[in-house]
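Participant: Here is a sequence with its predicted model. Questions after.
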Amino acid sequence: MITSEQIRAARALLRMDQRHLAELSGLSLPTIQRLEAGAGLLRCHMATLTKLTVALTAAGVSFLPPGDEPGAGRGVRFRQGRE
């Protein structure tokens, strides 16, 4: 699972606004706004989560799970090989 914070961070890395993410993912702008307004793990249907992750991954980011080190939380980064 990913968090609303990861979605906002991924958009920031990609310099993408919510409207563009809605277009890329096939979701509505209000859906993107609602998901990002929350905190923590996303509460949505699996199909919605899949559309978001596919769109953002195709745009060039990877989602990171919580790390093994103390204090290392979830995150996002550019995918390897991204130009």
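Facilitator: That came through, no problem.
Participant: Correct me if wrong: residue 74 contacts residue 42.
Facilitator: No. Contact between residue 74 and residue 42 fails when scored by CB atoms under 8 Å: they sit 11.5 Å apart. Every residue, glycine included, has its C-beta placed from N, CA and C.
Participant: okay, and the common contacts of these two?
Facilitator: 2-3 (CB atoms under 8 Å, 6 or more residues apart in numbering).
Participant: Could you list the low-confidence segments of the protein?
Facilitator: 68, 81-83 (pLDDT under 70).
Participant: What are the boundaries of the helices in it?
Facilitator: 4-14, 18-25, 29-37, 46-59 (DSSP state H).
Participant: how far away is residue 72 from residue 43?
Facilitator: Using CB to CB, to the nearest Å, we find residue 72 at a distance of 24 Å from residue 43.
Participant: Let's check: the centremost residue of the chain is which one?
Facilitator: Central residue of the chain (CA atoms, centre = their mean): residue 7, 2.8 Å from the mean position.
Participant: Without its sequence neighbours, what residue ends up closest to that one?
Facilitator: Nearest non-adjacent residue to residue 7, counting by CB to CB, 6 or more residues apart in numbering: residue 36, 5.6 Å away.
Participant: show me the contacts for the one you found.
Facilitator: 4, 7-8, 18.
Participant: Selection in ChimeraX covering whichever of these are buried, please.
Facilitator: A single ChimeraX command selects the buried members of the contacts of residue 36 (16 or more other CB atoms under 10 Å):
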select :4,7,18
